[in-house]
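Asks: I need the structure of the sequence given here:
(one chain, ligands or ions: 1)
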Amino acid sequence: MSNLDPKIRIGRINYTNVWPIYYYFPQLMNIPEVDIIEQVPSSLNKAMAEGSIDMGPISSFSFGEHFEEYVLYPDLSVSAFGEVNSILLFHEKPLREIVNGHIVLPSTSATSINLLKIIVEKFYGGKPTYSTQKPNLDEMMKNADGALLIGDDAIKESWRDPRYMITDLGQEWAKWTGQWMTFAVWAIRKEVIRKHPALIADIYAAFKKSKEMAHANPDSMIREAQEKVGGTPQYWHHYFHSLCYDFAAEQRAGLSKYYQYAYELGFLPKPVNIGLWEENNVTRVTE
Ligand SMILES: C=C(O[C@@H]1C=C(C(=O)O)C=C[C@H]1O)C(=O)O
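Replies: A predicted model of the protein is given here:
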């Protein structure tokens with residue numbers, strides 16, 4: 001989809017993790033008003049902050065930085081309770097032994113790099129040095145004790161020969177907090193809601209319907225994931241099942257805990273209020 005003058009520019013994370021929410025979306029929402037822009041999370045975070053994208057998935061951390069400008073769709077997220085399989089720290093020595101070492105972070109992420117800092121600094125009491133690089137594990141590990149990858153970069157490396165120990169940050173978070181972790185949220189810039197209230201409601205309905213359809217009927221999506229990224233159908237069934245696309249009270253409670261720690265450690269400037277978009281405020285006018 002590409003339009004010269006779309007009413008709404010919607011972001012899309014270019015990782016397989018968001019596929020269920022987008023897989024059936026084009027057929028449900030095939031109207032010229034909508035344009036989709038696919039990028040890595042850190043680029044979407046920036047585009048949303050600048051207003052060159054109106055809505056869509058961003059790093060939950062980025063919402064924490066801009067919560068006064070955005071609201072969130074109430075039932076969409078990329079979350080996990082325990083293993084997430086695509087937020088992975090690769091390291092040669094056990095985690096405890098590298099928490100004061102050098103850790104390389106990927107330039108693609110915002111949520112997971114701060115999650116890693118919370119885990120290493122708050123839970124393990126470490127104080128590593130960090131640097132940031134493009135997500136290429138061999139390059140990252142040249143002078144490092146550990147390297148973080150997210151999304152399909154993490155998935156593909158997890159399939160290679162086991163040269164490194166792997167720590168799944170979703171699992172670490174659940175182990176230390178007993179909570180859910182939400183990595184991506186669907187944010188909308190507030191002024192866009194004022195401009196296109198009915199369209200925002202229609203887009204929400206289409207995303208939710210796509211999520212439902214992909215859950216009920218995952219086979220063709222899984223076949224495409226296999227063709228495009230690799231792996232087996234079993235892998236992708238397990239992957240999509242470990243992720244949760246809801247944003248209910250338990251996911252929000254986990255995210256609030258993450259924001260609290262991020263604030264306490266000085267990664268966020270103020271306490272975060274999770275403001276939700278409310279469907280019943282929509283009065284339909286012919287747009
Ligand atoms: C589950 C994942 O979460 C992603 C991690 C993000 C981050 O670290 O900022 C942002 C969006 C999510 O898609 C993943 O990368 O696979």
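
Asks: near the ligand, which residues of the protein?
Replies: Contacts of the chain with the ligand, taken as CB under 6 Å from any ligand atom, map to 13, 15, 17, 41, 59, 78, 84, 86-87, 109-112, 150-151, 183-184. Any C-beta I mention is one placed from the backbone N, CA and C, and that applies to glycine too.

Asks: So which of the residues you listed are in strands?
Replies: Among the residues of the chain next to the ligand, DSSP state E puts 13, 59, 78, 87, 150, 183-184 in strands.

Asks: circling back: out of the residues of the chain next to the ligand, which are buried?
Replies: For those, a neighbour count by 16 or more other CB atoms under 10 Å gives the buried set as 13, 15, 17, 41, 59, 78, 84, 86-87, 109-112, 150-151, 183-184.

Asks: now, the most widely separated pair of the ones in strands among the residues of the chain next to the ligand?
Replies: Greatest spacing in these, by CB to CB: 13 and 87 (12.9 Å).

Asks: Please spell out which residues along the host helix or strand of residue 259 are buried.
Replies: Here residue 259, judged by DSSP states H and E, is contained in helix 249-264. For helix 249-264, the buried set under the neighbour-count rule, 16+ other CB under 10 Å, comprises 251-252, 254-259, 261-262.

Asks: And the residues you listed, which is closest to the ligand?
Replies: residue 258 (11.4 Å; CB to the nearest ligand atom).

Asks: Bridged to the residue nearest the centre of the chain, which residues?
Replies: Of all residues in the chain, the one closest to the mean position by CA atoms, centre = their mean is residue 184, 2.9 Å from it. With DSSP bridges applied, residue 184 shows beta-bridge pairing to residue 59, residue 78.

Asks: so where do the helices sit in the stretch 1-150 of the chain?
Replies: Per DSSP state H, counting those that start in this stretch, the stretch 1-150 of the chain carries helices over the ranges 19-22, 25-28, 41-50, 60-66, 95-98, 111-117, 137-140.

Asks: could you redo those helices as TSV and give each row mean pLDDT?
Replies: As requested, those are exported to TSV (pLDDT from 0 to 100):
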stretch	mean pLDDT
helix 19-22	98
helix 25-28	94
helix 41-50	98
helix 60-66	98
helix 95-98	98
helix 111-117	98
helix 137-140	97
